[in-house]
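> Turn this into a structure:
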Amino acid sequence: MMRGVRGHGLPRAILGALLLVVFLAFAASPAYSAEYGALRKAGRGLASVTMGFLEIPGNMVKGTREEGYAYGLTVGFGKGLGRFVVREVVGAYELLSAPFAAPRGFVPLLEPEFPWGYFEEPSPSR
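Presented below is the predicted three-dimensional model:
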């Protein structure tokens, strides 16, 4: 005998209400600068949580650019492993605290701001 799907509407309603509250909190949150805001902080947090693994090859690329291949493949790998954990924790913090301007002005806590920032071409120095 097949059971009905009765009772499954309540969790969806709760999830929908929660998403609505989060969206409204982001929309109502004041932005202290034109560059950063609650939505950007939330996006940064989501990117860090879902793509934090890019810290490993990213630090290898950074180390190779700065010190050479041997350094990038060894020390860069080790730094990437450590920063991977940090990126995940900071990403979760930024995602959950996105409606609040902490730190002041919604500035990023990590550099580069997004995990894929290591792969962008470095700007030429003057």
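> can you list the weak-confidence ranges in the protein?
1-10, 17-34, 122-126 (pLDDT under 70).
> That one: helices as residue ranges?
9-28, 38-51, 55-67, 69-96 (DSSP state H).
> could you redo the ones you listed as CSV and give each row mean neighbour count and distance to A102?
Placement of C-beta: from N, CA and C, glycine included. Below are the helices of the chain laid out as CSV (neighbours: other Cβ atoms under 10 Å; distance: least, Cβ to Cβ, whole Å):
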stretch, mean neighbour count, distance to A102
helix 9-28, 11, 14
helix 38-51, 19, 9
helix 55-67, 18, 23
helix 69-96, 16, 9
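> Any chance of JSON lines for those, columns distance to F106?
What follows is the helices of the chain, written out as JSON lines (distance: least, Cβ to Cβ, whole Å):
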{"stretch": "helix 9-28", "distance to F106": "11"}
{"stretch": "helix 38-51", "distance to F106": "5"}
{"stretch": "helix 55-67", "distance to F106": "22"}
{"stretch": "helix 69-96", "distance to F106": "9"}
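> P115 is nearest to which of the ones you listed?
helix 38-51 (4.6 Å; Cβ to Cβ).
> contacting residues around the closest one?
Under the criterion Cβ atoms under 8 Å, 6 or more residues apart in numbering, residues 25-26, 29, 31, 87-88, 90-99, 101, 106, 108, 110, 113-116 lie in contact with helix 38-51.
> E120 is nearest to which of the helices of the chain?
Closest among the helices of the chain, using Cβ to Cβ: helix 55-67, at 10.1 Å.
> Can you pull out the residues in contact with the closest one?
71-73, 75-77, 79-81, 83-84, 86-87, 112, 115-119, 122.
> quick one: it to chain centroid distance?
Helix 55-67 has its C-alpha centroid displaced from the chain centroid by 19 Å (Cα atoms, centre = their mean, to the nearest Å).
> Measure how it sits relative to helix 69-96, angle-wise.
130 degrees (axes from the mean of the first three to the mean of the last three Cα atoms, to 10 degrees).
> Helix 55-67 vs helix 38-51, what angle?
Counting by the same axes, to 10 degrees, helix 55-67 lies at 100 degrees to helix 38-51.
> For helix 55-67, output the C-alpha coordinates as PDB.
Extracted in PDB, the C-alpha atoms of helix 55-67 (Å, rounded to 0.1, in the frame of the first residue of the first chain):
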ATOM      1  CA  GLU A  55      42.800  27.600  -2.200                       C
ATOM      2  CA  ILE A  56      45.100  24.600  -2.900                       C
ATOM      3  CA  PRO A  57      45.900  25.200  -6.500                       C
ATOM      4  CA  GLY A  58      45.600  28.900  -6.000                       C
ATOM      5  CA  ASN A  59      48.400  29.100  -3.500                       C
ATOM      6  CA  MET A  60      50.500  26.800  -5.700                       C
ATOM      7  CA  VAL A  61      50.000  29.300  -8.500                       C
ATOM      8  CA  LYS A  62      50.800  32.200  -6.300                       C
ATOM      9  CA  GLY A  63      53.900  30.500  -4.800                       C
ATOM     10  CA  THR A  64      55.100  29.600  -8.300                       C
ATOM     11  CA  ARG A  65      54.700  33.200  -9.500                       C
ATOM     12  CA  GLU A  66      56.500  34.600  -6.500                       C
ATOM     13  CA  GLU A  67      59.200  32.100  -5.800                       C
END
